[in-house]
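A.B. asks: Any chance you could fold what I've pasted below:
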Amino acid sequence: MKANATLEFVVNLVGIGGFLLSLLALYFARLDKRPRLSVSVSVLEVEDEIMDERGQMVLGPPEKHFFVDISNPGEKRVKVNSVLLRFDGENHHFPHFQADGRKLDRAIYLPPGDNVVYHAFYDELTDWLEAQRQSGKVKLRAVAIDGIGKQYKSSVFRLQSSNSP
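C.D. replies: Presented below is the predicted three-dimensional model:
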């Protein structure tokens, strides 16, 4: 009788342990399927193609551009509602962003593994920052807001205003 009770206890213990392990496995599997975005900023000089006086395409003079790269490393499609710039502890809408030929007046859906690059002319950005009473070295972040309102922030980027030394 005693051996039978011990065996029943061990079987119940193994069953409960298996149930808890399966719950833990489901939790970790779901953890990876949460929406997530990666946001980074950079400034690069770009030579755009322009048409010369003979009608041929040639490289124009290099111009500085400000880039915000938003990528989706997760396993779910993510809706990006807006991209903002954060400085002075507040988010601000920068009106001159362009994005890979996509319209910015509506949300952008990013499939898993895909990215979108927002860009603007560096001079337009610094002029806009000065109109916002920001001059000198401005610490800013790019912020992407997804469909459920979660904010994804880039690392801090220090931008030199055009009218400062």
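A.B. asks: Give the bridge partners for L140, please.
C.D. replies: The residues paired with L140 through beta bridges, assigned by DSSP bridges, are F157.
A.B. asks: Tell me how far it lies from Q134.
C.D. replies: From L140 over to Q134 the distance is 8 Å, taken as C-beta to C-beta, to the nearest Å. Yep, even glycine has a C-beta here, placed from its N, CA and C like the rest.
A.B. asks: Quickly list what's touching both of those two.
C.D. replies: F87 (C-beta atoms under 8 Å, 6 or more residues apart in numbering).
A.B. asks: what's the domain layout of the chain?
C.D. replies: Using automatic domain parsing, the domain ranges for the chain come out as 1-31, 38-160.
A.B. asks: Kindly compare burial across those domains and name the winner.
C.D. replies: Burial of the domains of the chain is given as mean neighbour count (mean count of other C-beta atoms under 10 Å); domain 38-160 ranks first at a mean of 15.
A.B. asks: chain center to that domain: distance?
C.D. replies: Using C-alpha atoms, centre = their mean, to the nearest Å, we find the averaged C-alpha position of domain 38-160 to lie 10 Å away from the chain's own average C-alpha position.
A.B. asks: for stretch 3-23, same thing?
C.D. replies: When distances are taken as C-alpha atoms, centre = their mean, stretch 3-23 is centred 46 Å away from the chain's centroid.
A.B. asks: what's the model's confidence in that stretch, averaged?
C.D. replies: Stretch 3-23 shows a mean pLDDT of 85 in the predicted model.
A.B. asks: Please shift the residue numbers so they start at 454 in all later answers.
C.D. replies: I'll keep to 454 as the first residue from here, and by that count the last item is stretch 456-476.
A.B. asks: Show me where the protein has its strands.
C.D. replies: 491-499, 502-504, 510-512, 516-524, 531-540, 543-545, 551-552, 561-563, 568-574, 590-599, 604-606, 610-613 (DSSP state E).
A.B. asks: by contact count, what packs against the last one?
C.D. replies: The helices and strands touching strand 610-613, judged by 3 or more C-beta pairs under 8 Å, 6 or more residues apart in numbering; DSSP states H and E, are helix 575-584, strand 590-599.
A.B. asks: Nice, that's everything, thank you.
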